[in-house]
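Asks: got a sequence here, can you model it:
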Amino acid sequence: MNNDLTQGTILKKLTFLALPIMATSFLQMAYNITDMIWIGRLGADAVAAVGTAGFLMWLSFAFIALGRVGAEVKIAQTLGSKEANKSNYFANTAITFTFLLGIVYGSGIGLFRESIIGFFNLNDPYVEGLAVDYLYIIAFGMPLHFINQVLSGIFNGAGISKTPFRVNSIGLVMNLILDPVFIFIFGLGVKGAAYATILSQAVVTIAFISTLLQGNRPYQEFKFRVELRFEYLKTILSISLPVAIQNGLFTIISMFVARIVAMYGTSAIAVQKVGTQIEAISYMTAQGFGSALSAFIGQNYGAKKNARVVEGFKVASRIMTYIGIITSLLLFFGAEPLFKLFINEEPTTSMGVTYLQIISFSQLLMCIEIALTGGLNGLGRTMAPALTGVTLNASRIPIAYFLSAFTSLGINGIWWTISGTSILKGVALIIMTLFVLRALKEVNIKKDSVYQ
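Replies: Next comes the predicted model:
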(Lines give C-alpha, C1' and ligand atoms only; values in the text may rest on other atoms or scores of the structure.)
Protein backbone atom coordinates (compact mmCIF):
# COMPACT_ATOMS: atom_id res chain seq x y z
CA MET A 1 0.00 0.00 0.00
CA ASN A 2 1.27 3.50 -0.75
CA ASN A 3 -0.26 4.51 2.58
CA ASP A 4 1.60 1.83 4.56
CA LEU A 5 3.07 3.54 7.63
CA THR A 6 4.60 0.39 9.10
CA GLN A 7 7.73 0.61 6.95
CA GLY A 8 10.22 3.30 6.03
CA THR A 9 11.93 6.14 7.85
CA ILE A 10 9.74 7.37 10.67
CA LEU A 11 10.54 11.07 10.33
CA LYS A 12 9.83 10.97 6.61
CA LYS A 13 6.60 8.99 6.99
CA LEU A 14 5.30 11.21 9.78
CA THR A 15 6.26 14.42 8.01
CA PHE A 16 4.70 13.51 4.66
CA LEU A 17 1.55 12.33 6.41
CA ALA A 18 1.38 15.31 8.79
CA LEU A 19 1.99 18.15 6.35
CA PRO A 20 -1.26 17.75 4.36
CA ILE A 21 -3.22 17.18 7.58
CA MET A 22 -1.74 20.33 9.11
CA ALA A 23 -2.44 22.16 5.88
CA THR A 24 -6.04 20.94 6.04
CA SER A 25 -6.24 22.16 9.63
CA PHE A 26 -4.97 25.53 8.48
CA LEU A 27 -7.65 25.54 5.82
CA GLN A 28 -10.25 25.08 8.55
CA MET A 29 -8.60 27.90 10.45
CA ALA A 30 -8.55 29.98 7.28
CA TYR A 31 -12.34 29.53 6.97
CA ASN A 32 -12.73 31.06 10.41
CA ILE A 33 -10.08 33.74 9.96
CA THR A 34 -11.51 34.79 6.58
CA ASP A 35 -14.93 35.23 8.18
CA MET A 36 -13.44 37.11 11.12
CA ILE A 37 -11.36 39.47 8.96
CA TRP A 38 -14.35 40.46 6.81
CA ILE A 39 -16.73 40.57 9.76
CA GLY A 40 -14.18 42.65 11.67
CA ARG A 41 -14.76 45.36 9.06
CA LEU A 42 -18.34 45.55 10.39
CA GLY A 43 -17.10 46.34 13.92
CA ALA A 44 -16.66 44.69 17.32
CA ASP A 45 -20.41 44.03 17.69
CA ALA A 46 -20.45 41.83 14.60
CA VAL A 47 -17.31 39.99 15.75
CA ALA A 48 -18.86 39.37 19.17
CA ALA A 49 -22.06 38.05 17.59
CA VAL A 50 -20.38 35.64 15.18
CA GLY A 51 -17.84 34.60 17.79
CA THR A 52 -20.59 33.77 20.26
CA ALA A 53 -22.56 31.74 17.71
CA GLY A 54 -19.26 30.12 16.76
CA PHE A 55 -19.26 28.24 20.07
CA LEU A 56 -21.93 25.99 18.57
CA MET A 57 -19.71 25.25 15.59
CA TRP A 58 -16.96 24.49 18.07
CA LEU A 59 -19.27 22.22 20.06
CA SER A 60 -20.13 20.34 16.87
CA PHE A 61 -16.62 18.86 16.79
CA ALA A 62 -17.41 16.98 20.00
CA PHE A 63 -20.32 15.23 18.27
CA ILE A 64 -18.26 14.68 15.12
CA ALA A 65 -15.59 13.05 17.28
CA LEU A 66 -18.10 10.34 18.26
CA GLY A 67 -17.82 8.89 14.78
CA ARG A 68 -14.51 10.22 13.55
CA VAL A 69 -11.98 9.39 16.29
CA GLY A 70 -12.87 5.73 16.74
CA ALA A 71 -13.10 5.24 12.98
CA GLU A 72 -9.66 6.79 12.40
CA VAL A 73 -8.08 4.60 15.07
CA LYS A 74 -9.70 1.34 13.98
CA ILE A 75 -9.13 1.96 10.28
CA ALA A 76 -5.43 2.54 10.99
CA GLN A 77 -5.16 -0.51 13.24
CA THR A 78 -7.06 -2.87 10.92
CA LEU A 79 -5.07 -1.73 7.89
CA GLY A 80 -1.88 -2.31 9.89
CA SER A 81 -3.03 -5.85 10.70
CA LYS A 82 -4.06 -6.40 7.05
CA GLU A 83 -7.81 -6.63 7.75
CA ALA A 84 -9.12 -4.24 5.11
CA ASN A 85 -12.62 -5.75 5.18
CA LYS A 86 -13.01 -4.61 8.78
CA SER A 87 -11.69 -1.19 7.81
CA ASN A 88 -14.53 -0.94 5.33
CA TYR A 89 -17.16 -1.72 7.95
CA PHE A 90 -15.70 0.86 10.34
CA ALA A 91 -15.58 3.51 7.60
CA ASN A 92 -19.13 3.09 6.34
CA THR A 93 -20.58 2.83 9.82
CA ALA A 94 -18.82 6.06 10.82
CA ILE A 95 -20.02 7.91 7.70
CA THR A 96 -23.65 6.88 8.15
CA PHE A 97 -23.72 7.51 11.90
CA THR A 98 -22.01 10.91 11.67
CA PHE A 99 -24.29 12.17 8.90
CA LEU A 100 -27.39 11.26 10.92
CA LEU A 101 -25.86 12.94 13.94
CA GLY A 102 -25.30 16.09 11.87
CA ILE A 103 -29.00 16.23 11.00
CA VAL A 104 -29.98 15.92 14.67
CA TYR A 105 -27.43 18.50 15.83
CA GLY A 106 -28.33 21.02 13.14
CA SER A 107 -32.03 20.67 13.92
CA GLY A 108 -31.39 21.17 17.62
CA ILE A 109 -29.40 24.39 17.37
CA GLY A 110 -31.78 25.74 14.76
CA LEU A 111 -34.85 25.18 16.94
CA PHE A 112 -33.31 26.43 20.20
CA ARG A 113 -31.08 29.19 18.80
CA GLU A 114 -32.59 32.00 20.86
CA SER A 115 -32.25 30.14 24.16
CA ILE A 116 -28.69 29.14 23.28
CA ILE A 117 -27.59 32.71 22.54
CA GLY A 118 -29.49 33.95 25.59
CA PHE A 119 -27.27 31.74 27.78
CA PHE A 120 -24.27 34.01 27.17
CA ASN A 121 -25.90 37.06 28.78
CA LEU A 122 -24.53 39.43 26.15
CA ASN A 123 -26.75 42.23 27.48
CA ASP A 124 -26.99 43.76 24.03
CA PRO A 125 -30.17 43.05 22.02
CA TYR A 126 -28.53 44.08 18.75
CA VAL A 127 -25.57 41.70 19.18
CA GLU A 128 -27.89 38.93 20.35
CA GLY A 129 -30.06 39.38 17.24
CA LEU A 130 -27.05 39.12 14.95
CA ALA A 131 -25.87 35.96 16.72
CA VAL A 132 -29.31 34.31 16.48
CA ASP A 133 -29.54 35.09 12.75
CA TYR A 134 -26.06 33.70 12.08
CA LEU A 135 -26.70 30.53 14.10
CA TYR A 136 -30.01 29.83 12.36
CA ILE A 137 -28.40 29.86 8.91
CA ILE A 138 -25.36 27.83 10.00
CA ALA A 139 -27.67 25.12 11.39
CA PHE A 140 -28.74 24.13 7.87
CA GLY A 141 -25.16 23.32 6.90
CA MET A 142 -24.40 21.05 9.86
CA PRO A 143 -24.99 17.69 8.09
CA LEU A 144 -22.52 18.75 5.38
CA HIS A 145 -20.03 19.94 8.00
CA PHE A 146 -20.28 16.60 9.82
CA ILE A 147 -19.88 14.42 6.72
CA ASN A 148 -16.89 16.44 5.47
CA GLN A 149 -15.07 15.98 8.76
CA VAL A 150 -15.59 12.23 8.95
CA LEU A 151 -14.54 11.72 5.31
CA SER A 152 -11.35 13.66 6.03
CA GLY A 153 -10.78 11.45 9.07
CA ILE A 154 -11.18 8.24 7.08
CA PHE A 155 -8.58 9.31 4.54
CA ASN A 156 -6.22 10.44 7.29
CA GLY A 157 -6.64 7.22 9.26
CA ALA A 158 -5.72 5.27 6.15
CA GLY A 159 -2.55 7.33 5.70
CA ILE A 160 -3.86 9.29 2.69
CA SER A 161 -3.78 12.88 3.87
CA LYS A 162 -3.33 14.70 0.55
CA THR A 163 -6.90 14.07 -0.62
CA PRO A 164 -8.63 15.91 2.27
CA PHE A 165 -6.21 18.79 1.78
CA ARG A 166 -7.01 19.11 -1.92
CA VAL A 167 -10.75 18.82 -1.39
CA ASN A 168 -10.85 21.31 1.47
CA SER A 169 -8.72 23.71 -0.57
CA ILE A 170 -11.59 24.00 -3.02
CA GLY A 171 -13.91 24.97 -0.19
CA LEU A 172 -11.49 27.61 1.08
CA VAL A 173 -11.25 29.24 -2.33
CA MET A 174 -15.03 29.36 -2.50
CA ASN A 175 -15.22 30.91 0.96
CA LEU A 176 -12.62 33.54 0.06
CA ILE A 177 -14.68 34.52 -2.96
CA LEU A 178 -18.14 34.35 -1.41
CA ASP A 179 -17.46 36.11 1.92
CA PRO A 180 -16.98 39.67 0.60
CA VAL A 181 -19.66 39.15 -2.03
CA PHE A 182 -22.38 38.13 0.44
CA ILE A 183 -21.27 40.37 3.32
CA PHE A 184 -20.70 43.62 1.43
CA ILE A 185 -21.85 43.46 -2.20
CA PHE A 186 -25.17 41.83 -1.31
CA GLY A 187 -25.24 43.78 1.96
CA LEU A 188 -26.15 40.76 4.11
CA GLY A 189 -23.62 41.42 6.89
CA VAL A 190 -23.14 38.52 9.30
CA LYS A 191 -25.87 36.56 7.48
CA GLY A 192 -23.71 36.75 4.37
CA ALA A 193 -20.81 35.11 6.21
CA ALA A 194 -23.12 32.26 7.23
CA TYR A 195 -24.39 31.75 3.66
CA ALA A 196 -20.81 31.75 2.34
CA THR A 197 -19.82 29.08 4.87
CA ILE A 198 -22.73 26.78 4.01
CA LEU A 199 -22.15 27.03 0.25
CA SER A 200 -18.44 26.35 0.73
CA GLN A 201 -19.24 23.26 2.80
CA ALA A 202 -21.59 22.04 0.08
CA VAL A 203 -18.82 22.39 -2.50
CA VAL A 204 -16.47 20.34 -0.28
CA THR A 205 -19.08 17.58 0.07
CA ILE A 206 -19.58 17.46 -3.71
CA ALA A 207 -15.80 17.34 -4.22
CA PHE A 208 -15.45 14.44 -1.79
CA ILE A 209 -18.21 12.46 -3.50
CA SER A 210 -16.71 13.19 -6.91
CA THR A 211 -13.29 12.04 -5.68
CA LEU A 212 -14.71 8.74 -4.45
CA LEU A 213 -16.69 8.16 -7.66
CA GLN A 214 -13.50 8.67 -9.67
CA GLY A 215 -11.86 5.81 -7.77
CA ASN A 216 -9.64 7.89 -5.49
CA ARG A 217 -10.30 5.89 -2.33
CA PRO A 218 -8.57 5.94 1.08
CA TYR A 219 -7.54 2.31 0.54
CA GLN A 220 -7.92 -0.17 -2.29
CA GLU A 221 -10.80 -2.21 -0.87
CA PHE A 222 -12.90 0.78 0.22
CA LYS A 223 -16.47 0.69 -1.06
CA PHE A 224 -18.96 3.28 0.13
CA ARG A 225 -22.25 1.93 1.44
CA VAL A 226 -24.96 3.41 3.63
CA GLU A 227 -24.83 0.95 6.50
CA LEU A 228 -24.86 1.01 10.29
CA ARG A 229 -23.28 -2.10 11.76
CA PHE A 230 -23.95 -1.83 15.48
CA GLU A 231 -21.10 -4.11 16.57
CA TYR A 232 -18.67 -1.81 14.76
CA LEU A 233 -20.45 1.30 16.00
CA LYS A 234 -20.05 0.01 19.56
CA THR A 235 -16.30 -0.34 19.06
CA ILE A 236 -16.06 3.12 17.50
CA LEU A 237 -17.97 4.71 20.37
CA SER A 238 -15.90 2.91 23.01
CA ILE A 239 -12.84 4.70 21.65
CA SER A 240 -14.51 7.96 20.67
CA LEU A 241 -16.70 8.61 23.70
CA PRO A 242 -13.99 9.86 26.10
CA VAL A 243 -12.63 12.21 23.42
CA ALA A 244 -16.10 13.45 22.49
CA ILE A 245 -17.01 14.06 26.13
CA GLN A 246 -13.75 15.92 26.65
CA ASN A 247 -14.32 18.08 23.56
CA GLY A 248 -17.93 18.76 24.49
CA LEU A 249 -17.14 19.67 28.09
CA PHE A 250 -14.24 21.82 26.92
CA THR A 251 -16.64 23.84 24.78
CA ILE A 252 -19.27 24.04 27.52
CA ILE A 253 -16.62 25.12 30.02
CA SER A 254 -15.45 27.73 27.52
CA MET A 255 -19.03 28.99 27.31
CA PHE A 256 -19.08 29.55 31.06
CA VAL A 257 -15.71 31.30 30.85
CA ALA A 258 -17.19 33.42 28.05
CA ARG A 259 -19.96 34.49 30.42
CA ILE A 260 -17.29 35.75 32.81
CA VAL A 261 -15.58 37.55 29.92
CA ALA A 262 -18.92 39.12 28.93
CA MET A 263 -18.92 40.97 32.26
CA TYR A 264 -16.21 43.19 30.76
CA GLY A 265 -18.24 44.22 27.71
CA THR A 266 -18.39 43.68 23.96
CA SER A 267 -14.73 44.56 23.43
CA ALA A 268 -13.63 41.79 25.80
CA ILE A 269 -15.84 39.28 23.97
CA ALA A 270 -14.36 40.35 20.63
CA VAL A 271 -10.82 40.03 22.02
CA GLN A 272 -11.40 36.44 23.06
CA LYS A 273 -12.98 35.50 19.73
CA VAL A 274 -10.23 37.07 17.64
CA GLY A 275 -7.49 35.89 19.99
CA THR A 276 -8.73 32.33 19.75
CA GLN A 277 -8.56 32.50 15.95
CA ILE A 278 -4.98 33.77 16.06
CA GLU A 279 -3.96 31.16 18.63
CA ALA A 280 -5.25 28.54 16.20
CA ILE A 281 -1.93 28.98 14.36
CA SER A 282 -0.36 26.65 16.91
CA TYR A 283 -3.50 24.76 17.93
CA MET A 284 -4.35 23.65 14.40
CA THR A 285 -0.73 22.78 13.65
CA ALA A 286 -0.52 20.56 16.72
CA GLN A 287 -3.94 19.05 16.08
CA GLY A 288 -2.98 18.21 12.50
CA PHE A 289 0.23 16.57 13.65
CA GLY A 290 -1.69 14.76 16.38
CA SER A 291 -4.01 13.26 13.74
CA ALA A 292 -0.99 12.13 11.72
CA LEU A 293 0.61 10.60 14.79
CA SER A 294 -2.66 8.81 15.60
CA ALA A 295 -2.71 7.16 12.15
CA PHE A 296 1.00 6.29 12.36
CA ILE A 297 0.71 4.83 15.85
CA GLY A 298 -2.50 2.99 14.96
CA GLN A 299 -1.05 1.21 11.94
CA ASN A 300 2.17 0.24 13.70
CA TYR A 301 0.38 -0.86 16.85
CA GLY A 302 -1.96 -2.97 14.70
CA ALA A 303 1.10 -4.47 13.00
CA LYS A 304 2.62 -5.13 16.47
CA LYS A 305 5.67 -2.96 15.76
CA ASN A 306 6.13 -1.47 19.19
CA ALA A 307 9.62 -0.13 18.53
CA ARG A 308 8.27 2.08 15.75
CA VAL A 309 5.43 3.18 18.03
CA VAL A 310 7.88 4.35 20.70
CA GLU A 311 10.12 6.09 18.19
CA GLY A 312 7.08 7.75 16.59
CA PHE A 313 6.22 9.40 19.91
CA LYS A 314 9.79 10.65 20.28
CA VAL A 315 10.00 12.10 16.77
CA ALA A 316 6.62 13.83 17.14
CA SER A 317 7.61 15.33 20.49
CA ARG A 318 10.77 16.84 19.03
CA ILE A 319 8.89 18.39 16.12
CA MET A 320 6.20 19.81 18.41
CA THR A 321 8.88 21.35 20.62
CA TYR A 322 10.25 23.35 17.68
CA ILE A 323 6.77 24.42 16.55
CA GLY A 324 5.75 25.39 20.08
CA ILE A 325 8.79 27.61 20.57
CA ILE A 326 8.30 29.34 17.22
CA THR A 327 4.61 30.06 17.82
CA SER A 328 5.30 31.31 21.36
CA LEU A 329 7.76 33.85 20.02
CA LEU A 330 5.41 34.81 17.18
CA LEU A 331 2.45 35.46 19.48
CA PHE A 332 4.50 37.39 22.04
CA PHE A 333 6.52 39.65 19.76
CA GLY A 334 4.00 39.86 16.91
CA ALA A 335 0.91 40.38 19.06
CA GLU A 336 0.08 43.90 17.90
CA PRO A 337 0.32 43.49 14.11
CA LEU A 338 -1.44 40.12 14.31
CA PHE A 339 -4.39 41.47 16.26
CA LYS A 340 -4.68 44.58 14.10
CA LEU A 341 -5.32 42.36 11.09
CA PHE A 342 -8.78 41.81 12.60
CA ILE A 343 -9.65 44.82 14.74
CA ASN A 344 -7.85 48.16 14.83
CA GLU A 345 -9.83 50.19 17.33
CA GLU A 346 -9.10 51.04 20.94
CA PRO A 347 -9.45 49.83 23.64
CA THR A 348 -10.03 46.47 21.93
CA THR A 349 -6.61 46.40 20.28
CA SER A 350 -4.63 47.00 23.48
CA MET A 351 -6.66 44.36 25.29
CA GLY A 352 -6.07 41.92 22.42
CA VAL A 353 -2.30 42.44 22.45
CA THR A 354 -2.20 41.61 26.17
CA TYR A 355 -4.30 38.49 25.57
CA LEU A 356 -1.92 37.15 22.91
CA GLN A 357 1.18 37.83 24.99
CA ILE A 358 -0.24 36.01 28.02
CA ILE A 359 -1.38 33.06 25.92
CA SER A 360 2.05 32.83 24.24
CA PHE A 361 3.56 31.32 27.41
CA SER A 362 1.44 28.17 27.06
CA GLN A 363 2.01 27.38 23.39
CA LEU A 364 4.95 24.99 23.76
CA LEU A 365 3.28 22.65 26.23
CA MET A 366 -0.09 23.00 24.51
CA CYS A 367 1.42 21.79 21.22
CA ILE A 368 3.08 18.82 22.93
CA GLU A 369 -0.13 17.95 24.80
CA ILE A 370 -2.28 17.90 21.65
CA ALA A 371 0.21 15.81 19.67
CA LEU A 372 0.73 13.27 22.46
CA THR A 373 -3.03 12.98 22.88
CA GLY A 374 -3.25 12.03 19.20
CA GLY A 375 -0.61 9.36 19.72
CA LEU A 376 -2.38 7.88 22.74
CA ASN A 377 -5.62 7.90 20.75
CA GLY A 378 -3.85 5.82 18.10
CA LEU A 379 -3.22 3.19 20.76
CA GLY A 380 -6.89 3.29 21.68
CA ARG A 381 -6.04 4.80 25.09
CA THR A 382 -8.41 7.74 25.05
CA MET A 383 -9.72 7.70 28.62
CA ALA A 384 -6.74 9.02 30.61
CA PRO A 385 -6.02 12.07 28.40
CA ALA A 386 -9.73 12.88 28.38
CA LEU A 387 -10.02 12.76 32.17
CA THR A 388 -6.96 14.96 32.58
CA GLY A 389 -8.28 17.48 30.07
CA VAL A 390 -11.76 17.61 31.59
CA THR A 391 -10.43 18.09 35.13
CA LEU A 392 -8.05 20.93 34.31
CA ASN A 393 -10.45 22.60 31.88
CA ALA A 394 -13.22 22.55 34.50
CA SER A 395 -10.90 24.25 36.97
CA ARG A 396 -10.84 27.27 34.67
CA ILE A 397 -14.31 28.41 35.73
CA PRO A 398 -13.67 29.01 39.47
CA ILE A 399 -10.07 30.14 38.95
CA ALA A 400 -10.97 32.60 36.18
CA TYR A 401 -13.82 34.04 38.24
CA PHE A 402 -11.66 34.42 41.35
CA LEU A 403 -8.65 35.98 39.61
CA SER A 404 -10.77 38.39 37.57
CA ALA A 405 -13.22 39.41 40.30
CA PHE A 406 -11.12 39.34 43.48
CA THR A 407 -7.60 40.30 42.39
CA SER A 408 -6.05 43.31 40.69
CA LEU A 409 -5.57 41.27 37.50
CA GLY A 410 -9.10 41.98 36.31
CA ILE A 411 -9.79 40.47 32.89
CA ASN A 412 -6.13 39.44 32.58
CA GLY A 413 -6.86 36.93 35.33
CA ILE A 414 -9.05 35.06 32.84
CA TRP A 415 -6.28 34.99 30.25
CA TRP A 416 -3.72 33.79 32.82
CA THR A 417 -6.12 31.03 33.89
CA ILE A 418 -6.43 29.74 30.33
CA SER A 419 -2.67 29.88 29.79
CA GLY A 420 -1.79 28.28 33.12
CA THR A 421 -4.16 25.34 32.81
CA SER A 422 -2.85 24.67 29.28
CA ILE A 423 0.66 24.42 30.72
CA LEU A 424 -0.50 21.97 33.40
CA LYS A 425 -2.26 19.79 30.78
CA GLY A 426 0.97 19.61 28.80
CA VAL A 427 2.97 18.51 31.83
CA ALA A 428 0.36 15.87 32.70
CA LEU A 429 0.36 14.41 29.16
CA ILE A 430 4.16 14.20 29.09
CA ILE A 431 4.18 12.22 32.35
CA MET A 432 1.34 10.00 31.14
CA THR A 433 3.07 9.26 27.84
CA LEU A 434 6.34 8.35 29.56
CA PHE A 435 4.53 5.64 31.54
CA VAL A 436 2.89 4.30 28.38
CA LEU A 437 6.19 4.21 26.48
CA ARG A 438 7.87 2.34 29.31
CA ALA A 439 5.11 -0.28 29.19
CA LEU A 440 5.46 -0.62 25.40
CA LYS A 441 9.21 -1.11 25.66
CA GLU A 442 8.74 -3.87 28.21
CA VAL A 443 6.24 -5.75 26.03
CA ASN A 444 8.29 -7.22 23.22
CA ILE A 445 5.37 -8.30 21.03
CA LYS A 446 7.45 -8.53 17.87
CA LYS A 447 11.16 -8.22 17.34
CA ASP A 448 11.52 -5.67 14.65
CA SER A 449 13.88 -3.00 13.49
CA VAL A 450 12.74 0.56 14.09
CA TYR A 451 13.52 1.48 10.51
CA GLN A 452 12.39 -1.75 8.85
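Asks: what is the neighbour count of residue 296?
Replies: Close neighbours of residue 296, defined as other CB atoms under 10 Å, add up to 29. Any C-beta I mention is one placed from the backbone N, CA and C, and that applies to glycine too.
Asks: let me know the distance separating it from residue 246.
Replies: To residue 246, residue 296 is 22 Å away according to CB to CB, to the nearest Å.
Asks: same question, residue 355
Replies: For residue 355, the distance to residue 246 - CB to CB - is 24 Å.
Asks: more crowded one of those two?
Replies: Per other CB under 10 Å, whichever of residue 355 and residue 246 has more neighbours is residue 355, with 27 against 23.
Asks: apart from its neighbours in sequence, what residue is nearest the more buried one?
Replies: Spatially, and ignoring its direct neighbours in sequence, residue 355 is nearest to residue 275 (4.4 Å; CB to CB, 6 or more residues apart in numbering).
Asks: likewise for residue 240?
Replies: residue 70 is the one closest to residue 240 (CB to CB, 6+ apart), at 3.9 Å.
Asks: you'd agree that neighbour is up against residue 232?
Replies: No: the pair residue 70 / residue 232 is not scored as a contact, 9.1 Å apart, by CB atoms under 8 Å.
Asks: list the residues that are in contact with both of those two.
Replies: residue 90 (CB atoms under 8 Å, 6 or more residues apart in numbering).
Asks: and these two? which has more neighbours close in?
Replies: With neighbours defined as other CB under 10 Å, residue 70 and residue 232 compare such that residue 70 has more, 31 against 22.
Asks: now do that one against residue 213, distance only.
Replies: Applying CB to CB to residue 70 and residue 213 gives a distance of 26 Å.
Asks: what of residue 389?
Replies: Residue 389 is 39 Å from residue 213, by CB to CB.
Asks: and the pLDDT for residue 206?
Replies: pLDDT for residue 206: 95.
Asks: near it, how many other residues are there?
Replies: Residues within reach of residue 206, counting by other CB under 10 Å, total 14.
Asks: could you do the one 3 residues further on as well?
Replies: A count of nearby residues for residue 209, using other CB under 10 Å, gives 14.
Asks: I'd like the numbering to begin with 708 instead of 1 from here.
Replies: Sure, I'll start numbering at 708, so the last one becomes residue 916.
Asks: pull the contacting residues for it.
Replies: Residue 916 makes no contacts at all, as judged by CB under 8 Å, 6+ apart.
Asks: again with residue 1137
Replies: 1072, 1075-1076, 1079.
Asks: before we move on, the earlier item: counting neighbours, what do you get for the residue nearest to residue 1062?
Replies: Neighbours around residue 982, by other CB under 10 Å: 26.
Asks: contacts only, for it.
Replies: 1046, 1059, 1062-1063, 1066.
Asks: give me the element the residue nearest to residue 947 is part of.
Replies: Per DSSP states H and E, residue 777 falls inside helix 751-787.
Asks: what's the pLDDT at residue 1152?
Replies: 43.
Asks: now the least confident helix or strand in the chain by mean pLDDT: buried residues?
Replies: When the helices and strands of the chain are scored by mean pLDDT, DSSP states H and E, helix 717-747 comes last with a mean of 79. If you call a residue buried by 16 or more other CB atoms under 10 Å, then helix 717-747 has these buried ones: 717, 720-721, 723-747.
Asks: quick check: angle from that helix to helix 751-787?
Replies: Taking axes from the mean of the first three to the mean of the last three CA atoms, to 10 degrees, one finds helix 717-747 and helix 751-787 inclined to each other by 160 degrees.
Asks: great, nothing more from me.
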